[in-house]
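S.K.: have a look at this fold, sequence not included:
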């Protein structure tokens, strides 16, 4: 996805949901903080988002411009209407959130380390590729990642396993 495509999805989502404030999570949130992010970080063709004040409207967005919609078929990218529970991040991520403005649209996105934590929790192969690329391009730092992972609720998430998984990705990125 390119920054211009992200902006297109946001404008379409705003029109559909009649909202002007969105939370963007998932890998393509990287394009807000880093509009010219390396290509390997822009591999996804979907933008995970939800209206900040009315998350329940994410279903409207997903139905209209989601995967396999005419929007997706026409442009080759789409929205994935998600909810606040979709991305597992440190509980205090809002303290570090970043605001971006696309015309009249306000976009809230996690700071890059908080975004990376969510990918480490998910732990899929595509997440491993994403995390390795972040380390490779020195966009995240291991000590900060370890610190943020440690704040996750250990009764819900295997914090030690997630930390070790992240450390392995850092080692792989520097190999």
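M.R.: The structure has been received and is ready for your questions. Predicted model, so just to flag it, every value in this text is computed and none were measured.

S.K.: contacts and neighbour counts: CA atoms only from here.
M.R.: Noted.

S.K.: ok but residue 23 is inside a helix, no?
M.R.: No - per DSSP: H, G, I helix; E, B strand; the rest coil, residue 23 lies outside any helix segment and is strand.

S.K.: pull the contacting residues for the closest residue in space to it that isn't next to it in sequence.
M.R.: Take residue 23 and drop its neighbours on the chain: the residue closest to it by C-alpha to C-alpha, 6 or more residues apart in numbering is residue 108, 4.6 Å away. Residues in contact with residue 108 (C-alpha atoms under 8 Å, 6 or more residues apart in numbering) are 21, 22, 23, 24, 52, 97, 98, 99, 100.

S.K.: try it again with 7 Å
M.R.: Residue 108 makes contact with 22, 23, 24, 97, 98, 99, 100, according to C-alpha atoms under 7 Å, 6 or more residues apart in numbering.

S.K.: derive a ChimeraX selection command for the buried subset of those.
M.R.: To isolate the buried ones among the contacts of residue 108 in ChimeraX, judged by 16 or more other C-alpha atoms under 10 Å, type:
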select :22,23,24,97,99
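
S.K.: of the contacts of residue 108, closest to residue 77?
M.R.: residue 24 (15.2 Å; C-alpha to C-alpha).

S.K.: for that closest one, give the beta-bridge partners.
M.R.: Going by DSSP bridges, residue 24 is paired in beta bridges with residue 49.

S.K.: find me the pLDDT at the residue nearest in space to the middle of the chain, would you?
M.R.: Of all residues in the chain, the one closest to the mean position by C-alpha atoms, centre = their mean is residue 26, 2.1 Å from it. pLDDT recorded at residue 26 is 93.

S.K.: a strand runs through the residue nearest to residue 23, doesn't it?
M.R.: Yes - counting by three-state DSSP, residue 108 is part of a strand.

S.K.: quick one: the residue nearest to the centre of the chain and residue 86, what's the gap?
M.R.: Computed with C-alpha to C-alpha, to the nearest Å, the distance linking residue 26 and residue 86 is 9 Å.

S.K.: residues near residue 144, how many?
M.R.: As a burial measure, residue 144 scores 12 neighbours (other C-alpha atoms under 10 Å).

S.K.: residues contacting it?
M.R.: Applying C-alpha under 7 Å, 6+ apart, no residues qualify as near residue 144.

S.K.: the chain should start at 411 in everything you say after this.
M.R.: Shifting the count to begin at 411 puts that one at residue 554.

S.K.: contacting residues around residue 580?
M.R.: Going by C-alpha under 7 Å, 6+ apart, residue 580 touches 542, 545.

S.K.: please report how far it lies from residue 490.
M.R.: With distances taken as C-alpha to C-alpha, residue 580 is found 28 Å from residue 490.

S.K.: next, count neighbours for the closest residue to residue 490 other than its chain neighbours.
M.R.: Counting by C-alpha to C-alpha, 6+ apart, residue 490 lies nearest to residue 458, which is 4.7 Å off, once chain neighbours are set aside. For residue 458, the neighbour count with other C-alpha under 10 Å is 23.
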